[in-house]
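>>> take this sequence and fold it.
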Amino acid sequence: MAESADLLPLDAFPVHTVHSLRYADHDQEGHVNNAVYATMFEAGRVAVLYDPAHKMPPEGCHFSLVHIAMDFLAEMSWPGDVTIGTAVTRIGSSSIAMRHAIFKDGKCRATAEGVVVCTNTATRKSQPLPDHARAMLEKLFLKTGA
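Sure thing, here's the model as predicted:
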C-alpha cells in the first residue's frame, strides 16, 4: 500500500483528467464504490492511449490492460469532481507501465499502477510501439521531483 510519504502531488502527473462523481457511484456505506475507482483509472489511461491528436492508438492496434493494482487511501463521497493524474513510469518494446492518482478536494484518495500492451487488432498479439507513440509517451514520464 502507498504510504503517505510516498504520495506525489497532482503536479507530478503530466496528464489530468476531470471526472464528475455521480450519485449512482455510491455503495451501501455511502461512499464511492471500489469498482468506480477502476473506471476512473481507466478514464486516465484512455486520455493518453486513445488520443487522436497524437495518432493514438497506433494504426491497426489497441491497448490491452494486463495488470492493475489499486491502493485505496481515503473515502470519497458524492457530490463533486475528481482529478485523475496519469503518468508513464516505464516504456518497454510493446508495453507501457503507468501510475495514476485520484485527487478530490486537494487530497489523494487512491493510487494505481498498471501495465498495458500494444496489441495488433488483427492478430491479437503484442506489437512493438511505433516511434511516434514512443516519442509521445516519453514526454509523459512521472515527475518524481515535483
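>>> residues in contact with stretch 10-21?
32, 40, 43-44, 47-48, 76-87, 99-101, 103-104, 139-144, 146 (C-beta atoms under 8 Å, 6 or more residues apart in numbering). All C-beta spots, glycine's among them, are computed from the backbone N, C-alpha and C.
>>> repeat that for stretch 125-144.
Taking C-beta under 8 Å, 6+ apart as the rule, stretch 125-144 contacts 8, 11-15, 48, 54-58, 61, 86-89, 91, 93-96, 99, 117-120.
>>> just the buried residues from these, in PyMOL please.
Per 16 or more other C-beta atoms under 10 Å, the buried members of the contacts of stretch 125-144 correspond to this PyMOL selection:
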select buried, resi 8+12+13+14+15+48+54+56+57+58+61+86+87+88+91+94+95+96+99+117+118+119
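>>> thinking again about what came up before, are any of the contacts of stretch 10-21 buried, and if so which?
Buried among these by 16+ other C-beta under 10 Å: 32, 40, 43-44, 48, 76, 82-87, 99-101, 103-104, 140, 142.
>>> can you give me the buried ones in stretch 122-138?
Judged by neighbour count (16+ other C-beta under 10 Å), stretch 122-138 contains these buried residues: Ser126, Gln127, Leu129, Ala133, Met136, Leu137.
>>> quick one: which helix or strand includes the closest residue in space to Leu7 that isn't next to it in sequence?
Excluding its sequence neighbours, the residue lying closest to Leu7 (C-beta to C-beta, 6 or more residues apart in numbering) is Cys108, at 5.1 Å. Secondary structure assignment for Cys108, by DSSP states H and E: strand 107-120.
>>> for that strand, buried residues please.
So, applying 16+ other C-beta under 10 Å, buried residues of strand 107-120: Cys108, Arg109, Ala110, Thr111, Ala112, Glu113, Gly114, Val115, Val116, Val117, Cys118, Thr119.
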